[in-house]
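Undergrad: Structure, please.
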Amino acid sequence: MAYRVLADHARMLTVCITDGARPDFHNQGYVVKKILRRAVRYAREKLNTPTGTLASLVPIVVESLGGAFPELKSNPESVMQVINQEEKQFLKTLTKGQKYLKKHISNLGSQKNVSGKVAWKMHNSFGYSIDLTNKIAKENNVSINLEEYEEERRKSKEITAQGGIKNQQKMRKIALSGQDIEMLRKQKVPVTNTISVYETKYNPLTNKHIISDVKTEILAIKTGNEFVTEVDKGVECGIITTSTSFYTEAGGQVADVGIVLNNQSNTCLDVSDVLNNQSNTCLDVSDVQSYSGYVLHSGKSNTTMKVADEVTLQVDSDHRTKVMRNHSATHLLNFALQKVIPDTSQKGSLVASDKLRFDFSVMDPLSMNDLQRIFDIVNNLIQEALPQDTSHVPLNTAYTIPNLQAAFGKAYGDDVRVVTFGKKVNELLSGNCAGQSSVELCGGTHVENTSEIKKFIITSQKAFSSGVRRLEAVTGELAEEVECNGNKRKEEVEQMQNKVVDSPRLLHELDSLAKSVDKTLMCLVSKMELRQEILECKEKVNKAIKKSFKLQVDEFARQIVQSIDSNRPKRYHIHQLSDISNDKILLKEIVKKVSKQKPDIAVMLLSVDNENIHCFSVVPKELNKAVKADEWGLVINRVINGKGSGSESSSQFHGQLKVPITEIVTAAEDFISTKVD
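TA: Model (predicted):
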């Protein structure tokens with residue numbers, strides 16, 4: 001029975017992961033994660049199998065099902081890697097989660113009901129699905145308060161949607177509930193006409209898209225939890241109009257910004273993150289959302305507005321153009337990733353005016369070579385000036401297009417919008433795919449030609465979740481600024497390379513430059529190259545410092561040994577170093593070197609730097625009966641009133657030079673001369 005359970009799980013996971021699914025906390029990915037983790041626990045606890053057993057079954061599944069499903073043979077190593085990675089992640093918290101749950105179960109007594117808070121913590125902190133927690137609970141003859149669990153899950157989801165606990169104050173102030181939508185329908189308020197959203201004209205002189213103003217009528221106004229017929233100045237509200245030219249936040253693309261003017265050309269609503277600089281602004285709109293076809297333009301009113309007022313919607317062309325560039329660049333990035341990492345799939349995206357963000361499935365970080373290839377592919381597509389084409393086609397027809405990119409697990413309607421670059425949609429549907437570049441299902445706004453993007457630069461790469469990485473990039477003028485930033489840092493590194501000397505101060509300068517490079521918004525590949533160059537530069541400096549250090553030790557030791565030889569037959573030697581700073585390590589190494597060459601001589605080194613003095617002494621074992629190094633050092637310490645310590649064989653003290661150095665030398669001489677001949 002146990003082996004059959006594991007075999008069933010292995011078959012399901014192999015097929016799903018080959019088909020593009022990945023362990024995740026959302027949608028189909030969550031199903032994969034639940035089943036995979038349940039299989040790992042079963043294998044460990046019921047069969048006592050070693051780590052990696054589940055993944056080792058993948059080749060067997062491929063062998064048994066590969067004839068019927070040949071795609072399973074495409075990349076079984078990748079499937080095994082995904083399973084092993086998820087197993088590794090789960091094993092980190094598996095034991096902790098079990099101990100936590102068993103502790104709570106043991107404390108239940110006669111209650112026999114695990115709280116929803118405990119069940120949610122099992123999910124949120126230890127990665128246990130509710131199904132797995134419920135299974136463990138049943139094995140221990142207890143149940144779970146599922147209603148309380150769902151409430152905890154809902155609360156956590158709300159907090160996460162607002163960017164975390166610290167950002168709860170940023171919750172959307174105006175929104176439409178299900179009841180609001182039902183009321184609008186009963187009042188026969190028509191859904192918003194959005195045909196003007198995609199009607200733009202490109203101006204090559206300004207490299208911007210111009211969106212025509214839309215004259216429309218206010219159909220509804222909402223403030224807080226109710227609809228009103230009129231609002232005064234300074235009220236947080238949302239308006240629904242008969243038509244709009246504003247793109248609503250959807251599909252990872254941010255909403256448009258702009259202004260709403262009344263029929264006297266006064267600004268009623270400023271749809272932007274900053275206040276419009278016109279003194280007659282009447283509404284500051286900070287959000288545009290769509291609810292079942294009703295587009296809600298929300299913000300703070302700057303004048304009185306009423307239902308049935310005629311207004312003009314004016315989209316910020318500069319903001320829209322930047323977003324369009326980034327969205328089109330996102331498609332090109334997705335295409336490039338498919339070329340560089342054939343078995344990857346999109347896991348999420350953000351298209352804003354100042355950057356684009358793309359999440360995709362891959363187990364390991366992209367190498368510098370991979371990033372450079374992606375950079376080259378995207379920028380070559382930009383240079384090729386590929387035209388964009390958009391067409392609405394039936395979903396089943398769209399799926400016949402080779403290499404079509406669509407969001408895994410997303411529910412599409414019967415008709416979908418296909419966006420291509422390089423080939424027209426009709427050409428692809430007819431089978432003419434030669435020279436194809438990018439084709440996706442998408443409802444966002446895009447440039448008419450890839451040349452409008454101007455430039456594409458990847459600025460960061462990071463792990464987003466297990467098996468998912470995130471790239472961030474910029475385009476257009478910002479990409480050119482980022483390129484300039486990188487060039488400035490390159491010049492600084494080149495200047496530093498020309499300064500390579502045996503100076504510890506240069507190491508601090510290199511560390512400071514490395515931090516500066518890390519903080520600079522610049523091309524990621526260039527940043528990685530500069531980091532490596534700085535590291536190599538530091539290695540050269542360290543080698544130079546070590547070489548210089550050895551030369552200094554050898555030279556000072558030679559001088560001291562020469563002085564000892566000239567003062568024979570004395571068994572002790574006191575030497576003052578005046579051409580050296582108080583480098584404790586250097587002084588210590590000099591003493592060691594001298595004592596090795598003159599093992600029968602008691603040696604004291606005195607180093608003076610401004611008003612500070614360091615004293616190092618060594619006494620050979622054969623002289624310890626007569627004198628000890630720490631006693632000798634204490635003689636000096638009484639004069640300088642300093643700090644230090646030592647033993648019979650060696651000591652070191654340091655303090656302030658408040659008396660002439662000759663007085664200190666005399667004190668040391670008077671002490672040692674009475675102890676050693």
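
Undergrad: ok now the helix or strand containing residue 557, how far from the chain's centre?
TA: If you go by DSSP states H and E, residue 557 is part of helix 524-566. Relative to its chain's centre, helix 524-566 lies at 36 Å (C-alpha atoms, centre = their mean, to the nearest Å).

Undergrad: what lines up beside the helix or strand that comes right after that helix in the sheet?
TA: For helix 524-566, the following helix or strand on the C-terminal side (DSSP H and E) is strand 572-577. Looking at strand 572-577 with DSSP bridges, its partner strands are strand 602-609 (parallel).

Undergrad: Not counting the strand it pairs with itself, show me its contacts.
TA: Residues from elsewhere that reach strand 602-609 (C-beta atoms under 8 Å, 6 or more residues apart in numbering): 560, 564, 571-578, 580-582, 587, 590-591, 594-595, 613-620, 623, 627, 629, 632-633, 636, 657, 661, 664-665, 668, 672, 676. (C-beta placed from N, C-alpha, C; glycine too.)

Undergrad: So which bits of whichever helix or strand comes after that strand are buried?
TA: Sequence order places strand 612-618 as the next helix or strand after strand 602-609, per DSSP H and E. By 16 or more other C-beta atoms under 10 Å, the buried positions in strand 612-618 come out as 613-618.

Undergrad: Between the residues you listed, which sits nearest residue 355?
TA: Closest approach to residue 355 among the buried residues of strand 612-618 (C-beta to C-beta): residue 614, at 54.5 Å.

Undergrad: Please report how far the closest one lies from residue 590.
TA: Distance from residue 614 to residue 590, counting by C-beta to C-beta, to the nearest Å: 11 Å.

Undergrad: Check residue 53 too.
TA: Taking C-beta to C-beta, one finds residue 53 at 61 Å from residue 590.

Undergrad: Looking only at neighbour counts, state which of these two leads.
TA: residue 590 (26 against 17; other C-beta atoms under 10 Å).

Undergrad: what helix or strand is that one on?
TA: helix 584-597.

Undergrad: can I have that helix written out in PDB, keeping just the CAs?
TA: C-alpha atoms of helix 584-597 as PDB (Å, rounded to 0.1, in the frame of the first residue of the first chain):
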ATOM      1  CA  LYS A 584      51.400  46.000  16.500                       C
ATOM      2  CA  ILE A 585      51.500  43.200  14.000                       C
ATOM      3  CA  LEU A 586      54.600  44.500  12.300                       C
ATOM      4  CA  LEU A 587      56.400  45.000  15.600                       C
ATOM      5  CA  LYS A 588      55.400  41.500  16.800                       C
ATOM      6  CA  GLU A 589      56.700  39.900  13.600                       C
ATOM      7  CA  ILE A 590      60.000  41.800  13.900                       C
ATOM      8  CA  VAL A 591      60.500  40.600  17.400                       C
ATOM      9  CA  LYS A 592      59.700  37.000  16.300                       C
ATOM     10  CA  LYS A 593      62.200  37.200  13.400                       C
ATOM     11  CA  VAL A 594      65.000  38.600  15.700                       C
ATOM     12  CA  SER A 595      64.400  36.000  18.400                       C
ATOM     13  CA  LYS A 596      64.600  33.200  15.800                       C
ATOM     14  CA  GLN A 597      67.900  34.500  14.500                       C
END
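
Undergrad: I'd like the average pLDDT over it.
TA: Averaging pLDDT along helix 584-597 gives 87.

Undergrad: who touches that helix?
TA: 549, 552-554, 556-557, 560-561, 564, 577, 580, 601, 603, 605, 607, 614, 616-618, 620, 650, 652.

Undergrad: what's around residue 7, how many residues?
TA: Residues near residue 7, counting by other C-beta under 10 Å: 15.

Undergrad: did I read that right, it in a strand?
TA: No: using DSSP: H, G, I helix; E, B strand; the rest coil, the assignment for residue 7 is helix, not a strand.

Undergrad: contacting residues for it?
TA: By C-beta under 8 Å, 6+ apart, the residues touching residue 7 are residue 57.

Undergrad: Read off the pLDDT value for it.
TA: Per-residue pLDDT puts residue 7 at 88.

Undergrad: the bottom helix or strand of this structure by mean pLDDT?
TA: None of the helices or strands of the chain scores lower by mean pLDDT, DSSP states H and E than strand 267-271, at a mean of 65.

Undergrad: Could you pick out the buried ones from the contacts of helix 584-597?
TA: Using 16+ other C-beta under 10 Å, the buried ones in those are 549, 552-553, 556-557, 560-561, 564, 577, 580, 601, 603, 605, 607, 614, 616-618, 620, 650, 652.

Undergrad: Can you pull out the low-pLDDT segments for the chain?
TA: 1-2, 158-172, 264-285, 408-410, 435, 500, 502, 579-582, 677 (pLDDT under 70).

Undergrad: got the angle for the helix holding residue 557 vs strand 572-577?
TA: Here helix 524-566 runs at an angle of 140 degrees relative to strand 572-577 (axes from the mean of the first three to the mean of the last three C-alpha atoms, to 10 degrees).

Undergrad: need the contact list for the nearest residue to residue 347 once chain neighbours are set aside.
TA: Of all residues not flanking residue 347 in the chain, residue 359 sits nearest, at 4.1 Å (C-beta to C-beta, 6 or more residues apart in numbering). If you count contacts by C-beta under 8 Å, 6+ apart, residue 359 has them with 346-349, 464, 468-470.
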